[in-house]
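1. Provide a 3D model corresponding to the input given below.
(one chain, ligands or ions: 1)
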Amino acid sequence: MKAVRFHEHGGPEVLRFEDAPDPVAGAGRAIVRVRACALNHLDLWERRGIDRVALPLPHISGSDIAGDVVDPGGSGLAAGTRVMLQPGLRCGVCAACRDGRDNQCVSYDVLGLQSDGGYAELVSVPDENLIAIPDHVDYTTAAAFPLTFLTAWHMLVTRAGVRAGDVVLVLAGGSGVGQAAIQLARHFGARVFATSAPAKAGRTRDLGAEMVFDHYGGDFSKDVRRATGGRGADIAIEHVGQATWDRSVRSLANGGRLVTCGATTGPAAAVNLQHLFARQLSLLGSYMGTFDELRAAAPLLFDGRVVPVVDEIVPLARAADAQRRLEDKAQFGKIVLAIG
Ligand SMILES: [Zn+2]
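-> Predicted coordinates:
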């Protein structure tokens, strides 16, 4: 098969479009012909190399996949069924898995991280990870959905307990997680504010943000307070990290919850403990989401209540250009590789 692999860590130039061995089916596994694979920041971390995580090399990235079933394994689906893939990989037998908290599985992994992913014509996955998609949902849209909407669902619903009327601040509203969080927060009846680069503000508002504040200039925590009559946000959706952390915390109302799922600008952050206890804030970590959560979120995609924003569709052979665009934060929504 054709695939984009890297044989050593480095910049986008290490990505090679080349022949790779076809994956082989095994017990409990399925083979899928990949039609579309969306990029995530995780792909960039994998390519650069992640501290204390040894990736098998050469490596094929890609966690967000849609395609056609070639070998259904024990899934019960017919060959040829159009599917998207649950990006989480779980053992299924540990205490967390048995308890429905499979994103806390003792051997939790993400498709394309320790195993080969979707920057390829074929991928092998556990057969429980196949989710059939309706005919009217195209591969590109389906590939743009799982990781970011699952992540945003876990952050908003499970970790932060979003309720109708909550004020939700979404950092970087034009990012993959940002556009998912805005749409889900609106779906649950929240008032949504977002930050973005000024050039992305109009499109961020179109997604459902009431007001969009400058992500880079000024102090959006003051903007949030002004927009809420001095109160602040009930929930802040963070994934930017170091560059925005302090302003995100200061955006919170008394009793507010900040949920973070990433640190694209760096992991170092300080917390004013007096603010933390006196204002009764909650700082919550979040990583991916569970099988049940993706099953709960998928109908919103299928009936069009949420629509993943696709920035650009790029042929697999140009994966390096696609990663550069993500690295430069030039995109609005998801960049999707078209395959086959
Ligand atoms: Zn487990």
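
2. burial of residue 60, as a residue count?
-> 22 (other C-beta atoms under 10 Å). The way it works is simple: take the backbone N, C-alpha and C, and place the C-beta from them, glycine included.

3. residue 283 contacts residue 258, correct?
-> Yes. Using C-beta atoms under 8 Å, residue 283 is in contact with residue 258, at 5.2 Å.

4. residues contacting the residue most central in space within the chain?
-> Nearest to the geometric centre of the chain sits residue 148, at 2.6 Å (C-alpha atoms, centre = their mean). Each residue near residue 148 by C-beta atoms under 8 Å, 6 or more residues apart in numbering is listed here: 40, 64, 176-177, 179-180, 308, 334.

5. shouldn't it be within a strand?
-> No. Using DSSP: H, G, I helix; E, B strand; the rest coil, the assignment for residue 148 is helix, not a strand.

6. okay, it: pLDDT?
-> Each residue has a pLDDT score; the one for residue 148 is 97.

7. re earlier: in a markdown table, list the contacts of residue 148 along with secondary structure, neighbour count and pLDDT.
-> Formatted as a markdown table, the contacts of residue 148 follow (DSSP: H, G, I helix; E, B strand; the rest coil; neighbours: other C-beta atoms under 10 Å; pLDDT from 0 to 100):
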| residue | secondary structure | neighbour count | pLDDT |
| --- | --- | --- | --- |
| 40 | coil | 27 | 96 |
| 64 | strand | 32 | 98 |
| 176 | helix | 29 | 92 |
| 177 | helix | 26 | 95 |
| 179 | helix | 32 | 97 |
| 180 | helix | 30 | 97 |
| 308 | coil | 23 | 97 |
| 334 | strand | 27 | 96 |
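
8. helices of this structure, residue ranges please.
-> 41-48, 95-98, 139-143, 146-153, 176-187, 201-206, 220-227, 245-250, 273-278, 291-302, 319-327 (DSSP state H).

9. and those helices: which comes nearest the ion?
-> Comparison of the helices of the chain against the ion by C-beta to the ion identifies helix 95-98 as nearest, at 3.4 Å.

10. who touches stretch 207-220?
-> 169-173, 179, 182-183, 185-186, 191-198, 201, 204-205, 223-224, 227, 244, 247, 251, 309.

11. tally up the residues packed near residue 51, please.
-> Neighbours of residue 51 (other C-beta under 10 Å): 5.

12. state the distance from it to residue 222.
-> 35 Å (C-beta to C-beta, to the nearest Å).

13. residue 17 too?
-> 47 Å.

14. tally of neighbours for residue 135?
-> Quick note: residue 135 (other C-beta under 10 Å) scores 6 neighbours.

15. I meant residue 30, not that one.
-> 25.

16. now it: how far from residue 183?
-> Residue 30 is 29 Å from residue 183, by C-beta to C-beta.

17. now residue 33
-> Residue 33 is 29 Å from residue 183, by C-beta to C-beta.

18. of these two, which one has the most company?
-> Neighbours per residue (other C-beta under 10 Å) separate residue 33 from residue 183, with residue 183 holding more: 22 against 19.

19. my read: that one touches residue 304, true?
-> No. Look at residue 183 against residue 304 with C-beta under 8 Å: they stay out of range, at 11.1 Å.

20. what residues does this structure put near the ion?
-> Residues of the chain lying close to the ion by C-beta under 5 Å from the ion are 90-91, 94, 97, 105.

21. swap in 6 Å and give it another go.
-> Taking C-beta under 6 Å from the ion, the part of the chain that reaches the ion is made up of 90-91, 94, 96-97, 105-107.

22. list buried members of the residues you listed by neighbour count.
-> Neighbour-count burial (16 or more other C-beta atoms under 10 Å) applied to those gives 90, 94, 96-97, 105.

23. including pLDDT, could those residues go into TSV?
-> Rendered in TSV, the data for these read as follows (pLDDT from 0 to 100):
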residue	pLDDT
90	97
94	98
96	98
97	98
105	98
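
24. identify the bridge partners of the nearest residue to residue 47 once chain neighbours are set aside.
-> Counting by C-beta to C-beta, 6 or more residues apart in numbering, residue 6 is the residue found nearest to residue 47 once chain neighbours are left out, at 5.7 Å. Judged by DSSP bridges, the bridge partners of residue 6 are residue 15, residue 59.

25. pretty sure residue 6 is touching residue 57, no?
-> Yes. In terms of C-beta under 8 Å, residue 6 counts as a neighbour of residue 57; the distance is 7.3 Å.
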